[in-house]
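Trainee: requesting a structural model of the entry that follows:
(4 chains)
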2 protein chains.
Amino acid sequence: MSWHKDRRGERGYHHGNLKEALLQAALGLIAEKGPAGFTFADAARTAGVSAAAPYRHFRDRDDLLASIAQRGFEQFEATLTAAWDDGRPDTVTAFERIGKAYLNFARTEPAFYSAMFESGIPVDSSPELAAAGERAFAVIRAAAERLAALTPPGVTRPPAMMMALHIWSLSHGVASLFGRGDAARRKLPMSPEDLLEAGALIYLRGLGFPTDQNVHKSDTSTAPKSGPWGTAPK
Amino acid sequence: MSWHKDRRGERGYHHGNLKEALLQAALGLIAEKGPAGFTFADAARTAGVSAAAPYRHFRDRDDLLASIAQRGFEQFEATLTAAWDDGRPDTVTAFERIGKAYLNFARTEPAFYSAMFESGIPVDSSPELAAAGERAFAVIRAAAERLAALTPPGVTRPPAMMMALHIWSLSHGVASLFGRGDAARRKLPMSPEDLLEAGALIYLRGLGFPTDQNVHKSDTSTAPKSGPWGTAPK
DNA sequence: AGCTCATGTGAAGAGCTCTTACATGAGCCG
DNA sequence: CGGCTCATGTAAGAGCTCTTCACATGAGCT
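Mentor: Residues are numbered from 1 along each chain as shown, chains lettered A, B, ... in the order given. Next up, the predicted model:
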């Protein structure tokens, strides 16, 4: 019984689930004060243990941050995979959905996003972290490959890998410059989503995809899933 | 005479130019260990003064960081302005040069770049900082406006402002994801410059610019060989 | 029941941030 | 030259955090 983490300090000598509690505490603190403004001791205090306790679970502060980043990448991958939905109903629509999901993740999970991209931890900090990041990118890359297969003949285009990197870069740029309203960010005369969508549409047009006329205005409300490009041929 | 900062501690009670020395020291430290790994005390030590001395020149650590960011934006603006060169010899060429200059700045001045974009200081930390950032962006925006004026008629395009934001986002995304080889960054099967150039070309093509692969080089030859993204795919 | 070891604690050293009281000397004024 | 004054430096200290110790606890196995 006493192992149970009652919310009112009713906790035995042992916490019972400290590692998880520390991750959660750190997430909350990062969301509040950014990845820089979170301290190991703070996470311990939030979890209700002494400042030394975390060292039983994480080598140091960076190790904790890396764990969060890894978990973030896993969740990110799941999010992107769901958005991609294997290219349904058509490749371009699904592709645009990935972009929205990207921004949405950055906005709704700023703590994860910060840990993943702005915390300064090296990507190769751990093989697991690198692998998780790789898997997340693989989703974008797979989508780019399907897109590449659809580019009209006669149009020169870069390798699918490069297309994926373009989209990732554009998305990350939008997200990190304007993605979070949470102060410290620049003001924008439009939503980040509109910005990204318009950019992506122009990019796709540059790859030879047919376009409708609404490049600068997201117009997804009325148009059914046939989307701006029509249904993708198989 | 004793005010002179001889390299061997031959320095009177007063430093003589501490503010500047602190900025330089901080720049060096940031370049070494990132914006997070630099401490006020460290900068003081590097400058050869007591830990309390910096407080005579900067309200706190963030104030110093903001000063560096501001100076960075001013230098950034100068760099971009030089690259743009008022659109000579032609708008698209000059535009591409801005992209290269962007990446080059991020690589050769990682300390400035970090302070400007990754240090977590709010943009409106000081009006001067915000203004400096605004002026730097204005260069890109002016270029985008010239570009917008050149888009072929009949092609829908977003406002110039949005085009500028697209380019900024793409550049920043490339720079911050892959821009600095200095560890902690992802490996890339190509140079960041090539990545950005290819992306920008596709984007421009999407705006209706006749960018067959070499158009940006103000060429005359229709030589098919390798463009910015290598040989044309299947 | 008794052992064992993962997990948590308190104390302590070292470093950083920032404040306060005091020291120095550069520039000015007569 | 002598003396003011104040910007700029210092030392010392309070209150943090980080990290490592030796030591305490109790969960789970035998």
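
Trainee: report the buried residues of the helix or strand hosting residue A:98.
Mentor: Using DSSP states H and E, residue A:98 sits in helix A:91-108. Within helix A:91-108, the residues scored as buried using 16 or more other CB atoms under 10 Å in any protein chain shown are A:91-107. Every residue, glycine included, has its C-beta placed from N, CA and C.

Trainee: residue A:64 contacts residue A:41, correct?
Mentor: No. Using CB atoms under 8 Å, residue A:64 is not in contact with residue A:41; the gap is 11.8 Å.

Trainee: the two - which one has more neighbours?
Mentor: Shown here are residue A:64 and residue A:41; by other CB atoms under 10 Å in any protein chain shown, residue A:64 has more neighbours (23 against 13).

Trainee: please list all residues in contact with the more buried one.
Mentor: By CB atoms under 8 Å, 6 or more residues apart in numbering or on different chains, the residues touching residue A:64 are A:22, A:23, A:26, A:40, A:43, A:54, A:58.

Trainee: most neighbours among those, which one?
Mentor: When neighbours are counted by other CB under 10 Å, residue A:26 leads the contacts of residue A:64 with 28 neighbours.

Trainee: sorry, back to before: export the helix holding residue A:98 as CSV, just CAs?
Mentor: Taking C-alpha atoms only, helix A:91-108 is exported to CSV below (Å, rounded to 0.1, in the frame of the first residue of the first chain):
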residue,chain,number,x,y,z
THR,A,91,-0.6,11.4,-51.7
VAL,A,92,-0.7,15.1,-51.8
THR,A,93,-3.5,15.5,-49.3
ALA,A,94,-1.7,13.2,-46.9
PHE,A,95,1.5,15.1,-47.5
GLU,A,96,-0.1,18.3,-46.5
ARG,A,97,-1.5,16.7,-43.5
ILE,A,98,2.0,15.8,-42.3
GLY,A,99,2.9,19.4,-42.4
LYS,A,100,0.0,20.4,-40.3
ALA,A,101,0.7,17.5,-37.9
TYR,A,102,4.3,18.7,-37.6
LEU,A,103,3.3,22.2,-36.6
ASN,A,104,0.6,20.9,-34.3
PHE,A,105,3.1,18.7,-32.5
ALA,A,106,5.4,21.6,-32.0
ARG,A,107,2.6,23.7,-30.6
THR,A,108,0.9,21.2,-28.4
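
Trainee: check the offset of it from the chain's centre.
Mentor: 9 Å (CA atoms, centre = their mean, to the nearest Å).

Trainee: for it, name the packing helices and strands.
Mentor: Here helix A:91-108 touches helix A:61-84, helix A:110-117, helix A:127-150, helix A:160-178, helix A:192-206, going by 3 or more CB pairs under 8 Å, 6 or more residues apart in numbering or on different chains; DSSP states H and E.

Trainee: in a markdown table, list those helices along with mean pLDDT.
Mentor: Converted to a markdown table, the helices and strands packed on helix A:91-108 look like this (pLDDT from 0 to 100):
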| stretch | mean pLDDT |
| --- | --- |
| helix A:61-84 | 96 |
| helix A:110-117 | 94 |
| helix A:127-150 | 96 |
| helix A:160-178 | 96 |
| helix A:192-206 | 96 |
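
Trainee: per the annotation, how does chain A divide into domains?
Mentor: A:1-58, A:62-234 (automatic domain parsing).

Trainee: any idea of the mean pLDDT in the first one?
Mentor: This predicted structure assigns domain A:1-58 an average pLDDT of 82.

Trainee: does any part of that domain sit near DNA strand D?
Mentor: Yes. Judged by CB under 7 Å from any atom of the strand, domain A:1-58 and DNA strand D are in contact via A:2, A:3, A:12, A:13, A:14, A:39, A:40, A:41, A:42, A:51, A:52, A:55.

Trainee: and the third one, how close does it get to residue A:73?
Mentor: Taking CB to CB, to the nearest Å as the measure, residue A:12 and residue A:73 are separated by 34 Å.

Trainee: wait, residue A:26 sits on residue A:41?
Mentor: No. Contact criterion CB under 8 Å: residue A:26 and residue A:41 do not qualify, at 11.5 Å.

Trainee: and residue A:53, how many neighbours?
Mentor: Neighbour count for residue A:53, taken as other CB under 10 Å: 16.

Trainee: next one: residue A:47
Mentor: There are 22 residues near residue A:47, going by other CB under 10 Å.

Trainee: what about the nearest residue to it once chain neighbours are set aside, which helix or strand?
Mentor: Distances taken as CB to CB, 6 or more residues apart in numbering or on different chains put residue A:21 closest to residue A:47, at 4.3 Å, once the chain neighbours are dropped. For residue A:21, the host element (DSSP H and E) is helix A:18-33.

Trainee: for the helix or strand just after that helix, packing partners?
Mentor: Sequence-wise, the next helix or strand downstream of helix A:18-33 (DSSP H and E) is helix A:40-47. Under the contact definition 3+ CB pairs under 8 Å, 6+ apart, helix A:40-47 sits against helix A:18-33, helix A:61-84.

Trainee: between residue A:12 and residue A:73, which one's more packed in?
Mentor: residue A:73 (23 against 11).

Trainee: who are the contact partners of the closest residue to that one other than its chain neighbours?
Mentor: With CB to CB, 6+ apart as the criterion, residue A:73 has its nearest non-adjacent residue at 3.7 Å, and that residue is residue A:132. Listed by CB under 8 Å, 6+ apart, the contact set of residue A:132 reads A:70, A:73, A:74, A:77.

Trainee: what do you get for residue A:140?
Mentor: With CB under 8 Å, 6+ apart, residue A:140 has these contacts: A:80, A:98, A:164, A:167, A:168.
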